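In: predicted coordinates and the sequence they were generated for:
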Amino acid sequence: MPRFAANLSMMFNEVPFLDRFEAAAKAGFEAVEFLFPYEHSPEDIESRLHGNGLTQALFNLFPGDWNNGERGFAALPERFADVQASVSQALPYAKATGVKRLHLMAGIADRHDPKAVDAFCRSVVWVAEALAKENIDVMLEPINPRDVPGYFLNDFDFAAGVIGDLKIPNLKLQFDIYHRQIVHGDVTMALRKMMPLIGHIQIASVPLRNEPSGEELNYPFLFDELDRLGYGGFVGCEYRPKGNTVDGLGWFAPYAAKGTRA
């Protein structure tokens, strides 16, 4: 049975960020993920995470000025120093949480520009080597161009090709089913083909990015497929609840951790 991680950047927004750890644990989640922890101290994150008996599944390296459209630096030749700095910034949080997966964002760049491709591969190699020393995997996530126009890493086959070509043991594919469906479709066959490369999976409905029930995708089938494929990692719930988060967790009831706290 899949194990689910609540995405605290998108779920439980009814309460302040640090209070979402408790809310997720009470709802039956055994793990959490979020986009970025950097507005809070590592000590505060560690206290809320471990105080609620949760595992940190994933978070992102610092992406730059998010509010002004920056989405990472890895494919930007002039921003390599920022890539390096983002690792230094993330490590105190990684050590505090014990996280084993960090997502490296590629940035806004032309995927067909050789300079951008070279910069991306250089960044990926450097980050993977740096994080290997900490026993941390680097995730590469293709993101659909409808949500993030101009994002460099917008193709699953390209991402899989980079991972296959570089052959770095701690370099993995972050397979967001929502993004896959929008970019390519053919989710099940892609999971079967790419499972050896996959280090983390995320979910949401398509097209509205709400709870993983209804709309285009048959998630109960896909959850069973993950079991059939032997996926043992966490499934990140990176979706926007239609209303109150807890009210929308009917889909999650069969999978909630035993001993859920009321």
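Out: Yes, it's here. Numbering: from 1, shown residues only.

In: the protein: strands as residue ranges?
Out: Read by DSSP state E, the chain holds these strands, from start to end of the chain: 3-7, 31-33, 55-60, 101-103, 137-140, 171-176, 198-203, 234-237.

In: just put those strands in JSON lines and tack on mean neighbour count and mean pLDDT.
Out: The C-beta positions use only the backbone N, C-alpha and C, and glycine is treated the same way. Written out in JSON lines, the entries for the strands of the chain read as follows (neighbours: other CB atoms under 10 Å; pLDDT from 0 to 100):
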{"stretch": "strand 3-7", "mean neighbour count": "25", "mean pLDDT": "98"}
{"stretch": "strand 31-33", "mean neighbour count": "27", "mean pLDDT": "98"}
{"stretch": "strand 55-60", "mean neighbour count": "24", "mean pLDDT": "98"}
{"stretch": "strand 101-103", "mean neighbour count": "22", "mean pLDDT": "98"}
{"stretch": "strand 137-140", "mean neighbour count": "24", "mean pLDDT": "98"}
{"stretch": "strand 171-176", "mean neighbour count": "24", "mean pLDDT": "99"}
{"stretch": "strand 198-203", "mean neighbour count": "23", "mean pLDDT": "98"}
{"stretch": "strand 234-237", "mean neighbour count": "25", "mean pLDDT": "98"}
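
In: nearest to residue 152, out of those?
Out: Counting by CB to CB, residue 152 lies closest to strand 137-140 out of these; the figure is 10.5 Å.

In: who does that closest one pair up with?
Out: strand 101-103 (parallel), strand 171-176 (parallel) (DSSP bridges).

In: circling back to that earlier point, with distance to residue 69 added, can I get the strands of the chain in JSON lines?
Out: Below are these laid out as JSON lines (distance: least, CB to CB, whole Å):
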{"stretch": "strand 3-7", "distance to residue 69": "21"}
{"stretch": "strand 31-33", "distance to residue 69": "23"}
{"stretch": "strand 55-60", "distance to residue 69": "16"}
{"stretch": "strand 101-103", "distance to residue 69": "18"}
{"stretch": "strand 137-140", "distance to residue 69": "20"}
{"stretch": "strand 171-176", "distance to residue 69": "20"}
{"stretch": "strand 198-203", "distance to residue 69": "22"}
{"stretch": "strand 234-237", "distance to residue 69": "23"}
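
In: looking at those strands, which is nearest to residue 153?
Out: When the strands of the chain are compared for distance to residue 153 using CB to CB, the nearest one is strand 137-140, at 6.4 Å.

In: contact partners of the closest one?
Out: For strand 137-140, the external contacting residues (CB atoms under 8 Å, 6 or more residues apart in numbering) are 58, 100-104, 106, 124, 127-128, 131, 153, 159, 162-163, 168, 170-174, 199-200.

In: which stretch among the strands of the chain comes nearest residue 48?
Out: The closest of those to residue 48 is strand 31-33. By CB to CB, the value is 9.2 Å.
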